[in-house]
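In: take a look and give me a structure for this.
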Amino acid sequence: MEAEYVTTPFGRRPMTLAMLIAQRRAVHGKSVKSVDKWKIYRALCEAKPHLGVTDRALAVLNALLSFYPKNELSDDANLVVFPSNAQLSLRAHGMAEQTIRRHLAALVEAGLIVRRDSPNGKRYARRTRAGDLHEAYGFSLAPLLSRAEEIEHLAAGVVADRLHIQGLRERISLLRRDIAKLIETALVEAITGDWDAVHSGFRYLIDSLPRSPSVTELELLLQKLGLLHREIVNRLEKHAKTKKISANHYQNERHIQNSDSESQTESEAPRPKRPAMLSAVSAELLPNAASVSAAASLQRKETLPLASNTGSESSGESQAGLKSFPLDLVMRACPEIAAYSSTGQISSWRDLMTASIVVKSMLEISPGTHQEACAAMGPENTATVIACILQRTSHIKSAGAYLRDLTRRAQKGEFALGPMLMSLLRANTALNERKSA
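Out: Residues are numbered from 1 along each chain as shown. As a prediction, this is how the structure comes out:
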């Protein structure tokens, strides 16, 4: 390594304490026999956020390292390289000489190289008669050798942090998938509970995450999603055990189903008397669950007179037997119908039913077919079905015949909206993911 001598910059460049410390550290650093120059360069690329250097500055350092003839930086060799700016520009892929000078100054300021200026400021070397280097002026790579352990430690920390964040993101993605499908299962199986509020709270947790989250934010989200996941699994397991125990009491099960489907007004009234659907932990995780549930209840009450006036007593029983779904879920599964609203957006069931009338005429569904569907499924569910037909209109030859078939199946109790909506929701989610990728 170079002799212990502190040099100052040539010309008007000032001497700073940082330069002095970098030179003294290069001389009095820990004794290191040798280190592979490309290995330490790769570690520098990993640790650059902690060292305050840019990728362009590292490109210049890469060009400097290429002028050192050996692959090993050793403490018993002269570690000064002395290329001209023109040669550096060639090896830095044509970088402008002014830019090279700026990045060389940044490398010196970061303490990764040290200037060894000659009396006239030129870079050159003097050799012995045998051809060995006797004295060289240029840039010393000694700081890379003396700081090798520090740089490798910083690089290891950056790699560990990146792997930790990657692991957190993978676990969060798995929990997002599991929670979404568990809520979908609960809706399809018609399990008792305010799943609209649970889903809204779940979306609130996901949407509140910033675009570039920190490790702390990812860990907090993972913890909350884990608690929500366990709560949903426990409720589904409890329902499955209850169903298994009561499997032999078929008459009682039919009686419970009929009592819940007598009318929408009666099914809404006793809801506050049901046992709590979420634990205290889940209530903390879903801050907007109460407001979403209240809004959904208000929408049902607003549209109830329309549903009760459109069919006879028998059709009311079939309407109650066909499960309705939240408007937010319907719009995420069938977004195309929003274009047929007078305002360009659907904010209530009344807007959806108004838009479905426009779509009905466009799809050439006869008034009689539409009236039969409303009598069998109810106006809200009929509007939902028309929105689904519009979403898949390219795959349906006759919308009127398709709606008549669904109406007959609904009258026989063989039709459910859940699988249709969930299929469209999965297709839209996959399409959005492909577009974002």
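In: what pairs with the longest strand seen in the chain, parallel or antiparallel?
Out: Secondary structure of the chain per DSSP state E: the longest strand is strand 133-140. With DSSP bridges as the test, strand 133-140 is paired with strand 80-81 (antiparallel), strand 114-116 (antiparallel), strand 124-127 (antiparallel).
In: would you list the ones you listed in CSV and tack on mean neighbour count, distance to K48 and mean pLDDT?
Out: Every C-beta, even on glycine, is put in place using the N, C-alpha and C of the backbone. Formatted as CSV, the strands paired with strand 133-140 follow (neighbours: other C-beta atoms under 10 Å; distance: least, C-beta to C-beta, whole Å; pLDDT from 0 to 100):
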stretch, mean neighbour count, distance to K48, mean pLDDT
strand 80-81, 22, 21, 90
strand 114-116, 22, 19, 87
strand 124-127, 12, 30, 80
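In: now the ones you listed in JSON lines, with distance to G418?
Out: JSON lines is the format used below for these (distance: least, C-beta to C-beta, whole Å):
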{"stretch": "strand 80-81", "distance to G418": "70"}
{"stretch": "strand 114-116", "distance to G418": "71"}
{"stretch": "strand 124-127", "distance to G418": "80"}
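In: helix, strand or coil for the residue of the chain most remote from its centre?
Out: Largest separation from the mean C-alpha position in the chain: R129, at 65.2 Å (C-alpha atoms, centre = their mean). Reduced to three states with DSSP: H, G, I helix; E, B strand; the rest coil, the structure at R129 is coil.
In: next one: phi and psi at it?
Out: Main-chain torsions, R129, degrees, to the nearest 10: phi -60, psi -30.
In: and it, how far from L44?
Out: Distance from R129 to L44, counting by C-beta to C-beta, to the nearest Å: 37 Å.
In: could you do S361 as well?
Out: 68 Å.
In: repeat that for S212.
Out: Counting by C-beta to C-beta, the gap from S212 to L44 is 24 Å.
In: got it, and D117?
Out: D117 is 24 Å from L44, where distance means C-beta to C-beta.
In: burial count for Q411?
Out: By other C-beta atoms under 10 Å, 17 other residues sit near Q411.
In: hmm, back to that, for L163, find the nearest of the strands paired with strand 133-140.
Out: Ranking the strands paired with strand 133-140 by proximity to L163 (C-beta to C-beta) places strand 114-116 first, at 33.8 Å.
In: mind checking how far the closest one is from the chain centre?
Out: Its chain's C-alpha centre and that of strand 114-116 lie 46 Å apart, by C-alpha atoms, centre = their mean, to the nearest Å.
In: so what's V359 up against?
Out: I337, Y340, I386, A387, L390 (C-beta atoms under 8 Å, 6 or more residues apart in numbering).
In: I meant A43, not that one.
Out: Residues in contact with A43 (C-beta under 8 Å, 6+ apart) are I151, E152, L154, A155.
In: from memory A333 sits against P419, does it?
Out: No: taking contacts as C-beta atoms under 8 Å, A333 lies outside contact range of P419: 11.2 Å.
In: okay, these two: which has more neighbours?
Out: A333 (23 against 11).
In: quick one on the thing from earlier: make a markdown table out of the contacts of V359 and add distance to D351.
Out: Converted to a markdown table, the contacts of V359 look like this (distance: C-beta to C-beta, whole Å):
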| residue | distance to D351 |
| --- | --- |
| I337 | 10 |
| Y340 | 10 |
| I386 | 13 |
| A387 | 11 |
| L390 | 15 |
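In: tell me which of the residues you listed fall in helices.
Out: Per DSSP state H, helices hold the following members of the contacts of V359: I386, A387, L390.
In: and the longest helix for the chain?
Out: Determined from DSSP H, the single longest helix within the chain is helix 148-188.
In: who does it touch, helix- and strand-wise?
Out: Packing contacts for helix 148-188, counted by 3 or more C-beta pairs under 8 Å, 6 or more residues apart in numbering; DSSP states H and E, involve helix 37-51, helix 195-207, helix 215-245, helix 417-436.
In: could I get the buried residue list for the second one?
Out: In other words, helix 195-207. W195, D196, A197, V198, H199, S200, G201, F202, R203, L205 (16 or more other C-beta atoms under 10 Å).
In: output the residues you listed as CSV; include the columns pLDDT.
Out: CSV is the format used below for those (pLDDT from 0 to 100):
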residue, pLDDT
W195, 88
D196, 86
A197, 88
V198, 89
H199, 89
S200, 89
G201, 89
F202, 91
R203, 91
L205, 90
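In: name the nearest of those relative to L352.
Out: Using C-beta to C-beta, D196 comes nearest to L352 of the buried residues of helix 195-207, at 15.7 Å.
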